[in-house]
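Engineer: have a look; sequence and predicted model below, questions after that.
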Amino acid sequence: MRQAGRYMPEYQAIRRQHKSILEMIARPEVAAEITLQPVDTLGVDAAILFADILLPLPPMGLKLEFVPGRGPVIHNPVRSPDDVAALRPVDVRADLGHVYEAIRLVRTELDGRDVPLIGFAGAPFTLAAYIIEGGPSRNFVETKKLMYGQPAAWRALMQKLTPVLIDYLLAQADAGAQALQLFDSWVGALNPQDYRRFVQPYSRQILQTLMARADVPVIHFGVGATTLLGEMKAAGGHVIGLDWRIPLDEGWALLGDDVAVQGNLDPTALFAPLPELENQVRDVLTRAAGRPGHIFNLGHGILQHTPVENVRAVVAMVHEFNRK
Ligand code: CP3
């Protein structure tokens, strides 16, 4: 979850040659090269595909732009039942073919190396929130206005997203992705009651279908979701991703022993002096206590300006700890 190799000079060098990240993602050989950069320069144990959770939106008729300094913007956000009805059906196999091609290229490059490739998509709540807000939001007022005030339109939107996400993720697995991660980055805006009513049925349909039909592990990750962990586990996933707000052992205790856990170093710890960083890495690993089914990761995306040498140091620390 390096949300932009933006902190990596190797990424910046390629980034400078292109107008936008959408253009980079659309070129499979470029996407494949960027995907492999952290494997080669940091020594991480897995690769995550260079793509973005918002890719399914343009084929639905949404005008997506990554505005420097502001992040993703949707110029025609959905605000009414008519807007929902006007969203076009997506044929993800045809519309997002470049993504699967990038997966095939990465798999060819990784052939013979013990480095799995993770494919991913955004969860329906997070995508719906982007679609309705038109960009990042603090209080999700427009999203909740639609959810509470036009529940039929909300359901229609979630029902449009759900099959698209299922097909998109299954197609990634078919192309060679060896794990699938569903990112619910904004789900922390919800209380458990609203999650259960407005979101869980759709996330569940996606996760359960993947667990039944894709022969790869499925990772379910939410941000700010400490109070939702039980509901998220019930929705599905072989692995639940924990953000950095809860100690790993406490999160795992809430989830129970029958799921694996991914996480959860605070990405900001990467800006700390090495001894402090090392304490925090050791804390995560000690809380995991060598139990099978812990995937060490950051508790959310890596931040811009993160010192690369500290990322490399964390990879080395985790490998060293595991050797003992
Ligand atoms: O990190 C990687 O390179 C792996 C591929 C990846 C990207 N986005 C590429 C990207 C992944 C896994 C994502 C997921 C993603 N995208 C999420 C879920 C994870 C999370 O952070 O919660 C979300 C919410 C998005 C939407 C998105 N895309 C945001 C918020 C931004 C940052 C905008 C900004 O300028 O701050 C993006 C842009 C983006 N996605 C970049 C990359 C490499 C940055 C492009 C650049 O500036 O060069």
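Structural biologist: Here it is on my side, so go on.
Engineer: could you use CA atoms for every contact and neighbour count after this?
Structural biologist: Fine.
Engineer: Gly251 reaches Leu242, doesn't it?
Structural biologist: Yes. Because the distance of 7.1 Å satisfies C-alpha atoms under 8 Å, Gly251 is recorded as touching Leu242.
Engineer: name the helices or strands packed onto the strand or helix carrying Glu101?
Structural biologist: Using DSSP states H and E, Glu101 sits within helix 97-110. Contacts defined by 3 or more C-alpha pairs under 8 Å, 6 or more residues apart in numbering; DSSP states H and E place helix 97-110 against helix 21-26, helix 28-42, helix 151-175.
Engineer: how about 7 Å then?
Structural biologist: For helix 97-110, the packing partners by 3 or more C-alpha pairs under 7 Å, 6 or more residues apart in numbering; DSSP states H and E come out as helix 28-42, helix 151-175.
Engineer: so where is this structure shaky, pLDDT-wise?
Structural biologist: Residue ranges of the chain with pLDDT under 70: 1-4.
Engineer: up against the ligand, what does it have?
Structural biologist: Residues of the chain lying close to the ligand by C-alpha under 6 Å from any ligand atom are 1-6, 21, 48-53, 68-72, 183, 185, 301.
Engineer: list phi and psi for the residue of the stretch 101-250 of the chain at minimum distance from the ligand.
Structural biologist: The nearest approach of the stretch 101-250 of the chain to the ligand comes at Ser185, 4.1 Å away (C-alpha to the nearest ligand atom). Torsion angles at Ser185 (phi, psi; degrees, to the nearest 10) stand at phi -70, psi -30.
Engineer: do I have it right that it meets Gly224?
Structural biologist: No. Using C-alpha atoms under 7 Å, Ser185 makes no contact with Gly224, being 8.1 Å away.
Engineer: how about the helices in the stretch 51-200 of the chain?
Structural biologist: Secondary structure of the stretch 51-200 of the chain (DSSP state H, counting those that start in this stretch): helices at 81-86, 92-95, 97-110, 124-133, 141-149, 151-175, 192-194, 200-213.
Engineer: so what secondary structure elements neighbour the last one?
Structural biologist: Read that as helix 200-213. Using 3+ C-alpha pairs under 7 Å, 6+ apart, helix 200-213 sits against helix 151-175, helix 229-235.
Engineer: now these in TSV, with mean neighbour count?
Structural biologist: Shown next, in TSV, are the helices and strands packed on helix 200-213 (neighbours: other C-alpha atoms under 10 Å):
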stretch	mean neighbour count
helix 151-175	20
helix 229-235	19
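Engineer: just to revisit the earlier point, reformat the helices and strands packed on helix 97-110 as a markdown table; add distance to Pro89.
Structural biologist: What follows is the helices and strands packed on helix 97-110, written out as a markdown table (distance: least, C-alpha to C-alpha, whole Å):
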| stretch | distance to Pro89 |
| --- | --- |
| helix 28-42 | 24 |
| helix 151-175 | 8 |
